[in-house]
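Undergrad: Build me a model from this:
(3 chains)
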Amino acid sequence: MLRNVVSMKDLSKDEILSILKQARKFTLGEKWFPSQQTFVANLFFEPSTRTKTSFEVAERKLGLDVVPFEAGRSSVLKGETLYDTVRTLESIGINAVVIRHDADEYYHELVNNVNIPVINAGDGCGQHPTQCLLDLFTIHQQFGQFEGLKIGIVGDVRHSRVAHSNADALKKLGAEVKFSGPSEWFEEEYVQSGDYLPFDDLIPEVDVLMLLRIQHERHNSESAMSKEEYHQSYGLTVEREKRMKENSIIMHPAPVNRGVEIADELVECERSRIFKQMENGVYIRMAVLKEVLEGRMANELAYKRRKYSI
Amino acid sequence: MLRNVVSMKDLSKDEILSILKQARKFTLGEKWFPSQQTFVANLFFEPSTRTKTSFEVAERKLGLDVVPFEAGRSSVLKGETLYDTVRTLESIGINAVVIRHDADEYYHELVNNVNIPVINAGDGCGQHPTQCLLDLFTIHQQFGQFEGLKIGIVGDVRHSRVAHSNADALKKLGAEVKFSGPSEWFEEEYVQSGDYLPFDDLIPEVDVLMLLRIQHERHNSESAMSKEEYHQSYGLTVEREKRMKENSIIMHPAPVNRGVEIADELVECERSRIFKQMENGVYIRMAVLKEVLEGRMANELAYKRRKYSI
Amino acid sequence: MLRNVVSMKDLSKDEILSILKQARKFTLGEKWFPSQQTFVANLFFEPSTRTKTSFEVAERKLGLDVVPFEAGRSSVLKGETLYDTVRTLESIGINAVVIRHDADEYYHELVNNVNIPVINAGDGCGQHPTQCLLDLFTIHQQFGQFEGLKIGIVGDVRHSRVAHSNADALKKLGAEVKFSGPSEWFEEEYVQSGDYLPFDDLIPEVDVLMLLRIQHERHNSESAMSKEEYHQSYGLTVEREKRMKENSIIMHPAPVNRGVEIADELVECERSRIFKQMENGVYIRMAVLKEVLEGRMANELAYKRRKYSI
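TA: Predicted coordinates:
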């Protein structure tokens, strides 16, 4: 039983596969509800439609009571630490928290200090484990396995929460991972291992083409490259799509910059799994929530057994 | 079965009367719930207490799961189009969306492109169909019919979402509609048809006096007229109310500017249906939601029948 | 049956004890639900994590439908009065409102004018009755009685919503109340009654040490004293805690300024009831909500009896 899900680095291959298996059961209509009224709060200190709404729907499908938390109006404005905020929610009766925060590894001050599970919904330039898991799930749904697959990750690898977790996890699961994109965003580690390829060489080779979002809102300086130039050099154009391998698929964490990372008319093409990824996100989050809530209940039972010698 | 409710122009006389009939059943205590867990999201890109809360209550009375959507913190900030936002919500499992947006006819990019029903809760200076329907319902509740009634609409007819839809719908249903207000806000179409009257001539003639809100927040330039001047010239003063027809009623879409469109002491007078309109709004929205959700279920069934030849 | 809970001044000793008794039953697992679908709205015009979340959890534990209200996006922006906002919510079907507002005694325009119960969650520098009740509950939980107890309230007594209500209520219930803190924040009334003591004289005498929050966000002018100076002069340091009476407890309404009102390492020490207070807040709010909702139901029944002579 997992107690928290904060980073893909903490998850073993078996733990990952077990979450994917549970998510698959949920897509087939399996139901699971906690045995008593369970409260959860989503603390989003950075804006997000997709991830927050996805968690909200997942939580309601599990029959959880979702207590609203408005980060912009909270006592954090009064200078309260994240630890005190979460301890407060715990005292008030919240049973699990989902957090997105712009500080890298914000969760270190929480894990092992608070008694309720923490699910990381994105930390700074760090991890975004449920996004990674839904990407893995989408790939597994398509190919039934990870061994022997070649995955291409293209774009701003350096600043992407998704790129690092996905690359690590995919390798752990037996896939081969290659990279491409503008050299200003090269990740030194992958350059040294020789895993960068020119974009047009990568296209026909990969089973999965994973496009990363250009995060205009994260880059303070103006990129030297215009949107049109990016699209011509590193975007999936209609011409490039034609050179993709048979049965290969296109993925993107969204929101998509149409006409930049991918041509407008390809967003919903047959190869595209972009909206399928969003659909899968709900089932992955249900699986992760079930996992930590069962972990919590097991912990409480163990505590009562020790205390009352049941 | 209606698939979307975005404009009064799309609704036939029969469809309008059918919604009013269903709303009446809800006022009498009828219950209706969808046959399975149903998710709805309210996307309000402009502030509103009344309309949003009214939808929230209507949705909960139908047992729907309302997934919060904070327009001000959404990925629209990252430049996402409304189409992509709604397609995302659809992928995540939202079954219907209610939208208020400041762009006129924003719904054209959604209707027929997304697979979930869209209910328009106000677009720019365009339509606000549930407000119109609740106004019609309030009139019908009072008089039992529309034929032979004379309705006066007074104020900023040109910029009002409500004035146009109400005028069109009331004429379609057999009522006579007259207008009044400051000439700077005259609507050319109604001037040409000779439907404008001096305010003091209108007062004793109408069965329904529909006052429009002065939308200070929509007028960029300062009006030449002060609040006091407006009240003296086009506001319902205590003196004017005394000259109203027996059994005639006062309506206002609210929020009221007390002492401007209407004297403070008349807001809750016996003729006033202002708070009754708000009460009725919940039942109208329940009827509209039931209508589109049943339409959706019928669509899905038709799709399955075609696919599986049931 | 109480109709509203807006100020501790309105509550008799018996009414207070009855609420504490009901809260205790809730801590022991008692359940209470209204007999029909009941809607409540939380109107927080000032930010708050703790109080708002506490009400949200309490409401859901009673099975209430909580309708979201975003103060920052409401029609109050369009100049609507609080009375009109609450009458609107009442018309829409909301059965009770919880309000926090920065205007002192905002509730006077509501009580007796609207037909739904109002619970005050903090008004300006005025009252915060559920905070007071949860403090009383926490003291009673510890000592089983109020008679003979000595309570010390320390800090910004003048600007604190909590200090006045707590002092009044504790005296009413038979406890002795003393004060300390910087002379610039002295409350004249308590100076005259000789209830101020030097902080270091107060420490060993009291059964309950109630520290008040320095409300940086409420003080426009910079205090002459730095955080460190405050901590040395009026903060609970590790040294001072050692001089506290046996079995005495530490309380604080939170959020705590760690290292200012109290040393960081004492926030969760054995004497501290700071997180216990938050836990108790949920049970107190459940008791208050039950009280006013039962009052409302009794009122409605009385109304129907009068109307239909049942």
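Undergrad: May I have the helix or strand containing residue A:178 as CSV, with CA atoms only?
TA: Assigned by DSSP states H and E, residue A:178 belongs to strand A:176-180. Extracted in CSV, the C-alpha atoms of strand A:176-180 (Å, rounded to 0.1, in the frame of the first residue of the first chain):
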residue,chain,number,x,y,z
GLU,A,176,13.7,3.0,-25.3
VAL,A,177,13.5,6.8,-25.1
LYS,A,178,14.8,9.4,-27.5
PHE,A,179,14.6,13.2,-27.5
SER,A,180,14.5,16.1,-29.8
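Undergrad: Pull the distance from that strand to the chain's centre.
TA: Taking CA atoms, centre = their mean, to the nearest Å, one finds the center of strand A:176-180 at 18 Å from the center of the full chain.
Undergrad: residue contacts, the residue of the stretch 151-300 of chain A found nearest chain B?
TA: At 3.9 Å from chain B, residue A:278 is the closest residue in the stretch 151-300 of chain A, using CB to the nearest CB. For the C-beta atoms, the positions are set from N, CA and C on the backbone; glycine is no exception. Contacts for residue A:278 (CB atoms under 8 Å, 6 or more residues apart in numbering or on different chains) come out as A:50, A:54, A:254, B:88, B:91-92.
Undergrad: Please identify the helix or strand for the residue lying closest to it once chain neighbours are set aside.
TA: Excluding the flanking residues, the one nearest residue A:278 by CB to CB, 6 or more residues apart in numbering or on different chains is residue B:91, at 3.9 Å. Residue B:91 belongs to helix B:82-92 when assigned by DSSP H and E.
Undergrad: still on that earlier bit, tell me the mean pLDDT over the strand holding residue A:178?
TA: The pLDDT scores in strand A:176-180 average 97.
Undergrad: That strand packs against which elements?
TA: Secondary-structure packing of strand A:176-180 (3 or more CB pairs under 8 Å, 6 or more residues apart in numbering or on different chains; DSSP states H and E): strand A:150-154, helix A:161-172, helix A:199-202.
Undergrad: Export those to TSV and append columns for mean neighbour count, distance to chain C and mean pLDDT.
TA: Putting the helices and strands packed on strand A:176-180 into TSV (neighbours: other CB atoms under 10 Å in any protein chain shown; distance: least, CB to the nearest CB, whole Å; pLDDT from 0 to 100) gives the following:
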stretch	mean neighbour count	distance to chain C	mean pLDDT
strand A:150-154	23	38	98
helix A:161-172	21	26	92
helix A:199-202	16	44	97
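Undergrad: could those go into a markdown table alongside distance to residue B:284?
TA: Output for these, formatted as a markdown table (distance: least, CB to CB, whole Å):
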| stretch | distance to residue B:284 |
| --- | --- |
| strand A:150-154 | 50 |
| helix A:161-172 | 44 |
| helix A:199-202 | 55 |
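Undergrad: Minimum distance to residue B:26: which of those has it?
TA: Minimum separation from residue B:26 across the helices and strands packed on strand A:176-180 (CB to CB) falls at helix A:161-172, 46.3 Å.
Undergrad: doesn't residue A:273 make contact with the residue nearest to residue A:278?
TA: No. Look at residue B:91 against residue A:273 with CB atoms under 8 Å: they stay out of range, at 10.8 Å.
Undergrad: on that earlier part again, residue B:45 is nearest to which of the helices and strands packed on strand A:176-180?
TA: Among the helices and strands packed on strand A:176-180, the nearest to residue B:45 by CB to CB is helix A:161-172 (27.4 Å).
Undergrad: Would you mind giving me the confidence score for the closest residue to residue A:155 other than its chain neighbours?
TA: Nearest residue to residue A:155, sequence neighbours excluded (CB to CB, 6+ apart): residue A:212, at 3.3 Å. Residue A:212 carries a pLDDT value of 96.
Undergrad: what's the answer for residue A:297, then?
TA: Reading off the confidence values, residue A:297 has pLDDT 72.
Undergrad: Report the secondary structure state of it.
TA: helix (DSSP: H, G, I helix; E, B strand; the rest coil).
Undergrad: any idea how far residue C:194 is from it?
TA: For residue A:297, the distance to residue C:194 equals 55 Å [CB to CB, to the nearest Å].
Undergrad: likewise residue A:290?
TA: Residue A:290 is 61 Å from residue C:194, by CB to CB.
Undergrad: Could you do residue A:18 as well?
TA: For residue A:18, the distance to residue C:194 - CB to CB - is 68 Å.
Undergrad: And residue A:281, by the same measure?
TA: Separation of residue A:281 from residue C:194 (CB to CB): 65 Å.
Undergrad: Now the closest residue in space to residue A:285 that isn't next to it in sequence: phi and psi?
TA: Among residues not flanking residue A:285 along the chain, residue A:58 sits closest, at 3.7 Å (CB to CB, 6+ apart). The phi and psi torsions at residue A:58 (degrees, to the nearest 10) take the values phi -60, psi -40.
Undergrad: In chain A, mark out all the strands, start to finish.
TA: For chain A, the strands defined by DSSP state E occupy A:39-44, A:65-67, A:96-101, A:118-123, A:150-154, A:176-180, A:208-211, A:249-251.
Undergrad: how about those in TSV, adding distance to residue B:172?
TA: Formatted as TSV, these follow (distance: least, CB to CB, whole Å):
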stretch	distance to residue B:172
strand A:39-44	45
strand A:65-67	43
strand A:96-101	49
strand A:118-123	49
strand A:150-154	55
strand A:176-180	60
strand A:208-211	50
strand A:249-251	48
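Undergrad: of all those strands, which lies closest to residue C:123?
TA: So among these, strand A:65-67 is nearest, using CB to CB, at 24.0 Å.
Undergrad: wait, does that closest one contact chain C?
TA: Yes. Counting by CB under 8 Å from any CB of the partner chain, chain C has neighbours in strand A:65-67: A:65, A:67.
Undergrad: Given that strand, what are its sheet partners and their directions?
TA: strand A:39-44 (parallel) (DSSP bridges).
Undergrad: Is residue A:263 in contact with residue A:239, as I believe?
TA: No. Using CB under 8 Å, residue A:263 is not in contact with residue A:239; the gap is 9.1 Å.
Undergrad: who has more neighbours, those two?
TA: residue A:263 (18 against 10; other CB atoms under 10 Å in any protein chain shown).
Undergrad: Give me the phi and psi for the more buried one.
TA: phi -60, psi 140.
Undergrad: Identify the residues contacting it.
TA: Listed by CB under 8 Å, 6+ apart, the contact set of residue A:263 reads A:231, A:235-238, A:241.
Undergrad: Show the model's pLDDT score for residue A:291.
TA: In this model, residue A:291 is scored at 97, pLDDT.
Undergrad: That one and residue C:195: what is the separation?
TA: Between residue A:291 and residue C:195 the distance is 55 Å, computed by CB to CB.
Undergrad: Neighbour count: the two, which is higher?
TA: Set residue A:291 next to residue C:195 and count neighbours by other CB under 10 Å: residue A:291 wins out with 20 against 17.
Undergrad: Where does pLDDT dip in the stretch 101-250 of chain A?
TA: Applying pLDDT under 70 to the stretch 101-250 of chain A flags the ranges A:216-224.
Undergrad: follow-up on the earlier one: the residue nearest to residue A:285: what's it in contact with?
TA: Residues near residue A:58 by CB under 8 Å, 6+ apart: A:282-283, A:285-286, A:289.
Undergrad: Residue A:204 now?
TA: Here residue A:204 is in contact with A:243-245 (CB under 8 Å, 6+ apart).
Undergrad: same check, this time on residue A:110
TA: Going by CB under 8 Å, 6+ apart, residue A:110 touches A:82-83, A:86, A:99, A:118.
Undergrad: Mark which of the residues you listed are buried, thanks.
TA: A:82, A:86, A:99, A:118 (16 or more other CB atoms under 10 Å in any protein chain shown).
Undergrad: Just name the closest of those to chain B, please.
TA: Ranked by distance to chain B (CB to the nearest CB), these are led by residue A:99 at 15.0 Å.
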